[in-house]
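**Q** Can you look at this prediction? I've put the sequence above it.
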Protein chains: 4
Amino acid sequence: MIIVVSPEATPEDLDHIIARIEETGRQAHISAGTERTIIGVIGPDAPELQDMFETMPHVESVHRVTKPYKLVSRDFHPSDSVIDVGLGVAVGGRELAVMAGPCSIENEKHIVETAKAVKAAGANILRGGAFKPRSSPYAFRGLGEEALRYLAVASQETGMPVITELMSVRDIEAVCRHAHIIQIGARNMQNFMLLDEVGKVKKPVMLKRALSGQIEEWLLAAEYIMAQGNPHVILCERGIRTFETAYRNTFDINAIPLTRELSHLPVIADPSHGTGKWGLVKPVAMASVAAGADGLMIEVHPSPDHALSDGAQSLTYELFADMMRSVAGIAAAVERSLPGVKAAAAAR
Amino acid sequence: MIIVVSPEATPEDLDHIIARIEETGRQAHISAGTERTIIGVIGPDAPELQDMFETMPHVESVHRVTKPYKLVSRDFHPSDSVIDVGLGVAVGGRELAVMAGPCSIENEKHIVETAKAVKAAGANILRGGAFKPRSSPYAFRGLGEEALRYLAVASQETGMPVITELMSVRDIEAVCRHAHIIQIGARNMQNFMLLDEVGKVKKPVMLKRALSGQIEEWLLAAEYIMAQGNPHVILCERGIRTFETAYRNTFDINAIPLTRELSHLPVIADPSHGTGKWGLVKPVAMASVAAGADGLMIEVHPSPDHALSDGAQSLTYELFADMMRSVAGIAAAVERSLPGVKAAAAAR
Amino acid sequence: MIIVVSPEATPEDLDHIIARIEETGRQAHISAGTERTIIGVIGPDAPELQDMFETMPHVESVHRVTKPYKLVSRDFHPSDSVIDVGLGVAVGGRELAVMAGPCSIENEKHIVETAKAVKAAGANILRGGAFKPRSSPYAFRGLGEEALRYLAVASQETGMPVITELMSVRDIEAVCRHAHIIQIGARNMQNFMLLDEVGKVKKPVMLKRALSGQIEEWLLAAEYIMAQGNPHVILCERGIRTFETAYRNTFDINAIPLTRELSHLPVIADPSHGTGKWGLVKPVAMASVAAGADGLMIEVHPSPDHALSDGAQSLTYELFADMMRSVAGIAAAVERSLPGVKAAAAAR
Amino acid sequence: MIIVVSPEATPEDLDHIIARIEETGRQAHISAGTERTIIGVIGPDAPELQDMFETMPHVESVHRVTKPYKLVSRDFHPSDSVIDVGLGVAVGGRELAVMAGPCSIENEKHIVETAKAVKAAGANILRGGAFKPRSSPYAFRGLGEEALRYLAVASQETGMPVITELMSVRDIEAVCRHAHIIQIGARNMQNFMLLDEVGKVKKPVMLKRALSGQIEEWLLAAEYIMAQGNPHVILCERGIRTFETAYRNTFDINAIPLTRELSHLPVIADPSHGTGKWGLVKPVAMASVAAGADGLMIEVHPSPDHALSDGAQSLTYELFADMMRSVAGIAAAVERSLPGVKAAAAAR
């Protein structure tokens, strides 16, 4: 940490700052300039120290020079993490992970049929919502544990691992029993109690970025999970909230290469939420893979105008299959693969 | 809801839309214009319907015409709600509620001393953090239940009701045992499971607005609590996240009069978080009361440069007392009162 | 400026950075830490240097330690600037400046009548738009020079100085001939050519903050004007663009006390644009004065539902007079005055 | 336009609204519902009408149903516009347009050498700044007309058309004399006087999106140019301002497919400004082409750590050539071409 002290500070002010640094078990290194005095704080940057020094008399500014996270950092783990999610699927390797399925699971037939359709088009992970975060208490909030059982059936019938959202510590056992990947939704990115708990299980966790989550906060949220002992963390960019009203969210394409530069964790793109409009899902999916995403999460529904939630951003089976063919072209150009798409093509 | 259909729609397309409206138990009222056909949907607006209709062929746009919340609405309850929080203090009436105290409770002596100091300056509710949401897993996260007991001691010694943040359903009993008001923090505004649970208790709940929470989402989060049977909800504006980096958050002054217009619930202003800089707390506190806030929440610490969290935005006892005198002047100008400030003055 | 160099840098890398610093005529002061090397750059911070150093190998971060503006800074001019705008009115002193009038000038009768009405209610400066920035090329764009002549008539009939927006260098002479204050609108805050030109005239200039203008950029835009020799600059906060859709703009109340802390220039609040809703104008005007604003700019129209622009945020004469009485109460509480309101009251 | 009237409106209130609609030369179509009355306004939506109706008593909301722009709309011109910019280069066709060069032109040798280097790597349009918008009045603001002459030399020596920014009507003749495409920068997107003037010349104009420009405002700004008679408009997405501080701007990838859906105008991506970090330029360039961009604008400098501006986001010759090879792979996957890259490869 670097503390910049204004020219008006007296020697006593400086001594006071230095004493405070030493109280924290750190050392101070003074560089007296012609105008300002610069104090280098030798020892680890701690989040609370910046605040503390900013309030001291004649301190003009405090600059952190180290990153506040460790375990998620590429400095700590230089090579890409590859997360084995079970049933032969890994996230973060050469093969792209494509998680597809409905926003909400509506009944057993619905999820099994959708699972077969997305698998035929090349998806390798099934997504489906059992517990749904909804802005309104009067909206459909998911079928809960019943839906988890339907999801398990769909997994068995297709051989695909499944991902579903966990919203409360209360449901952690049920979700772990039925799902291969636990999803932490955008609204819970900083639900620190929930992060601690999923850090204590051994399941892979996919952590979505909050609507107004800064990259650093998102990586610190992943650090919460890893700090509890669970290294199997996958990041997911799903669009941020901006001033633009033409789409539900603004997909932050910059976040894909930046998180890959800062961290060793794989990153998935969710263009369904990242745009909120089905017509934009395919081009933004293609863009994400071109920018280096390790996979996609896509909402698919047999009949979007009958979906119980998120119809406006869901693809039909046909649109999803079309998207997958286009994404496969991009994947080839960036030396990634989508083996399911080849298989699907071969099956025709 | 109003559905605008494009000129290219065939009679069959229109019939399909009308059939879908009727399947939901609503009626369609058609106005065929020269260019566009306008379909009025007669029956309650439901959150999922807008999405559903937007995906149908040739639907250009779907407009909601009713508000998605009911119980929190001023239409439903025209007069201001006044929330009795215990120990003779109410929030929402002529007297302003001033909640003051440290960000984190550090030990018994610290909270008792601070409680006495803020009471002497005119505060009527004690705030203090036992469970702290922190961006980093390595930051100080509060003393937990131990801090709740210290808070209870401070309440007894001063006669002030207390408010503290609840972060997890797990701690709800402990918090209810010791606190008069449960605070739901900004990061949990859409932690719907937690909202449901605090809706089932009888304690007053203060709901902070999320960093990127739209007014409508904030009121819907309050609706979650009320829909479970707890009518004692207090809103708290604490600044939003914008592009401006000169302050930690941007206090949204517009939200004060707008929530009072849309809702009967009282609204508290938190200029400590709303600015993140102690030098701005007093003018923004004054502004909030001028704009109609029902009270303030202020971070106070005996020695901000020793605070374990949020030092940069905490006031010393002297600065807090000075702020209270200035706020009292504004309160008088808007026909509100701060009796504690008069008492404090009389005591000198 | 402080340059933080990563542990991997070789002595040659360091020499390269030092050489580059010296090429710019500055000196380098090295502090070798256990992990990172910190280089203090002795000499003025220049905007382009930060960029330059950030691109050099092994530079981790570059921190500016001085403010990029000078003439607008309170360090440079510690006491408040008071701008004499003519006809006995000053902006920045104990008396609040209240600029009121229609968004667009519609005809001579309209502006003269409105001028008399706002003066009677206590306004001391007349505002009126001759050249209107409009998002659409098909909207009403103002009467141009004709409107400037009507404005001059209204000024003569009421004795009030007038303010109007300048959108183009082409119209600078005409605007200077008829107006006492030149307004630079939010969309032109970084129209640097226009800033240079209004810096060369002697008229007071009111500079509105851009929709996404950071405080530092806004002060630098004011610096453009002052750097050309015109010290008569007034700032105007008019709301920023955020994710919130419940109002047209989000009034940034924090900006009022912060600009007054950083700069000696007076700051005016425009709650008409800052909210975009007439029902919020009065409380936000009151809040602004409570927070330390030196005055207000308010849109007033005899019949807002007939206004050629900005009807939704305009006050009627009655609402404006009511607002002025409430603002006068706040002004008294913060030791400011609104003499026109007393006069108006006395006239009854 | 649709006007929703609240249940409290009396028949007289309704008559007043209808009369106001008819005064504007439009017709009212009434649908009386059980709760609300819906009034359809038959006739063109005008920007000022929405405002006007929103202020009328008992009007709950006003919804526009038509787009406010015409000439730029794909409804008006269904096929893609292809803009011939001269010297055999077109923007908007199968071949991608790649505009590359330095942020600022520093001297003749510098721009000629850079022109040759970017051409060799496959660029087909030369960019270079003569007039530079800079936040600070003390930063380097470009060499002005002198730089335009150097740009013309570089164009002649390489046969590439050139693009440069116009900041003021004063320089329009000089820029038209030397450049093939006039660039309107982000800060001038709503400099309506400048838009009018470039609408009167015959040169192609590239219009950058403002830092907080909504898609609709951006298309309306393009409409300003087309409404004056100049159909040769190119859009350029260059990143927007959000809460994220990890990059200078947030590139809005959603804007690429959405503007192509709404408009027939070609759209260029500027990942240099859209990220502000050279390490992100290549992946975001690849993403943009995958999402359907018609070309790229890239800052290239022989020695970014000596650049007079924007060094942090400039690519070296080697990095630019590497980016072009990767972009060519993506281009092939989306059936676009970059013939210059093949030529460059063949030349080796």
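**A** Yep, it's here.
**Q** hey, let's count contacts and neighbours off CA atoms from now on
**A** Noted.
**Q** Does the residue of the stretch 201-348 of chain A found nearest chain C belong to a helix, a strand or coil?
**A** Ranking the residues of the stretch 201-348 of chain A by distance to chain C (Cα to the nearest Cα) places residue A:243 first, at 4.4 Å. On the three-state scheme (DSSP: H, G, I helix; E, B strand; the rest coil), residue A:243 is labelled coil.
**Q** Dump the helix or strand where residue A:260 lies to CSV, keeping only the CA atoms.
**A** Using DSSP states H and E, residue A:260 maps to helix A:255-262. Output of helix A:255-262 as CSV, limited to C-alpha atoms (Å, rounded to 0.1, in the frame of the first residue of the first chain):
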residue,chain,number,x,y,z
ALA,A,255,-14.8,-9.6,-18.8
ILE,A,256,-14.1,-12.8,-20.7
PRO,A,257,-10.5,-12.1,-21.6
LEU,A,258,-9.8,-10.1,-18.5
THR,A,259,-10.9,-12.8,-16.1
ARG,A,260,-8.9,-15.3,-18.0
GLU,A,261,-5.8,-13.1,-17.7
LEU,A,262,-6.3,-12.4,-13.9
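**Q** what's across from residue A:95 in the sheet?
**A** residue A:337 (DSSP bridges).
**Q** and the helix holding residue A:260, what does it pack onto?
**A** Helices and strands touching helix A:255-262, by 3 or more Cα pairs under 8 Å, 6 or more residues apart in numbering or on different chains; DSSP states H and E, are strand A:267-269, helix D:278-290.
**Q** Touching the longest one from outside, list them.
**A** With contacts defined as Cα atoms under 8 Å, 6 or more residues apart in numbering or on different chains, helix D:278-290 is touched by A:253-254, A:257-258, A:283, A:286-292, A:330, D:253, D:256, D:269-272, D:275, D:295-296, D:312-315, D:323, D:326-327, D:330-331, D:334.
**Q** Tell me the helices and strands packed up against the longest helix anywhere in chain A.
**A** The single longest helix within chain A, with elements called by DSSP state H, is helix A:317-333. If you count contacts as 3+ Cα pairs under 8 Å, 6+ apart, helix A:317-333 packs onto helix A:108-120, helix A:278-290, helix A:339-347, helix D:317-333.
**Q** quick one, that helix and helix D:317-333 angle?
**A** Relative orientation of helix A:317-333 and helix D:317-333, computed by axes from the mean of the first three to the mean of the last three Cα atoms, to 10 degrees: 140 degrees.
**Q** what's the average pLDDT for stretch A:255-262?
**A** Across stretch A:255-262, the average pLDDT comes to 98.
**Q** Tell me how many other residues surround the residue in the stretch 51-200 of chain A that chain D sits nearest to.
**A** Nearest to chain D, among the residues of the stretch 51-200 of chain A, is residue A:67, at 12.3 Å (Cα to the nearest Cα). Neighbourhood size, residue A:67 [other Cα atoms under 10 Å in any protein chain shown]: 13.
**Q** Shouldn't it be within a helix?
**A** No: according to three-state DSSP, residue A:67 belongs to no helix; its state is coil.
**Q** Return the residues in contact with it.
**A** With contacts defined as Cα under 8 Å, 6+ apart, residue A:67 has no neighbours.
**Q** hang on, the earlier thing: name the stretch among the helices and strands packed on helix A:317-333 that sits most buried.
**A** helix A:278-290 (a mean of 27; mean count of other Cα atoms under 10 Å in any protein chain shown).
**Q** Now the element after that one, going C-ward?
**A** Using DSSP H and E, the helix or strand that follows helix A:278-290 towards the C-terminus is strand A:295-299.
**Q** what is the orientation angle of that next one with helix A:317-333?
**A** 170 degrees.
**Q** hang on, the earlier thing: ok, residues contacting the longest helix of chain A?
**A** The contact list for helix A:317-333 (Cα under 8 Å, 6+ apart) reads A:117-118, A:121-122, A:282, A:285-286, A:289-290, A:300-302, A:337-338, A:341, D:290, D:329-330, D:333-334.
**Q** per-residue confidence at residue A:28?
**A** At residue A:28, pLDDT is 88.
**Q** The residue lying closest to it once chain neighbours are set aside in helix, strand or coil?
**A** Among residues not flanking residue A:28 along the chain, residue A:41 sits closest, at 4.9 Å (Cα to Cα, 6 or more residues apart in numbering or on different chains). With three-state DSSP as the basis, residue A:41 sits in strand.
**Q** just to revisit the earlier point, surely the residue of the stretch 201-348 of chain A closest to chain C and residue D:212 touch.
**A** Yes: shown here, residue A:243 and residue D:212 form a contact pair, counting by Cα atoms under 8 Å, at 7.2 Å.
**Q** Mutual contacts of these two, please.
**A** In contact with both residue A:243 and residue D:212: residue C:241, using Cα under 8 Å, 6+ apart.
**Q** Can you name the residues bridging to residue A:263?
**A** Here residue A:263 shows beta-bridge partners residue A:73, assigned using DSSP bridges.
**Q** Neighbours of it, how many?
**A** By other Cα under 10 Å, the residues close to residue A:263 number 25.
**Q** can you check the one 5 residues further on too?
**A** Around residue A:268 sit 29 other residues, with neighbours defined as other Cα under 10 Å.
**Q** need the contact list for it.
**A** The contact partners of residue A:268, by Cα under 8 Å, 6+ apart, come to A:97, A:234-237, A:293-297.
**Q** now swap in residue A:70 and tell me
**A** Residues in contact with residue A:70 (Cα under 8 Å, 6+ apart) are A:76, A:223.
**Q** any idea how far residue C:322 is from it?
**A** Distance of residue A:70 to residue C:322, computed by Cα to Cα, to the nearest Å: 58 Å.
**Q** Could you check how far the residue of the stretch 51-200 of chain A closest to chain D is from residue C:248?
**A** Distance of residue A:67 to residue C:248, computed by Cα to Cα: 38 Å.
**Q** any idea how far the closest residue to residue A:186 other than its chain neighbours is from chain D?
**A** Spatially, and ignoring its direct neighbours in sequence, residue A:186 is nearest to residue A:210 (4.2 Å; Cα to Cα, 6+ apart). According to Cα to the nearest Cα, to the nearest Å, residue A:210 and chain D sit 12 Å apart.
**Q** how about the helices in the stretch 101-250 of chain A?
**A** Along the stretch 101-250 of chain A, counting by DSSP state H, counting those that start in this stretch, helices occupy A:108-120, A:145-158, A:172-178, A:192-199, A:215-227.
**Q** Which one, of those helices, ends up nearest to chain C?
**A** Using Cα to the nearest Cα, the nearest of these to chain C is helix A:215-227, at 15.3 Å.
**Q** How about that closest one and chain C, any contact?
**A** No: contact of helix A:215-227 with chain C is not found when judged by Cα under 8 Å from any Cα of the partner chain; the minimum separation is 15.3 Å.
**Q** do that helix and chain D meet?
**A** Yes: residues of helix A:215-227 contacting chain D under Cα under 8 Å from any Cα: A:215-216.
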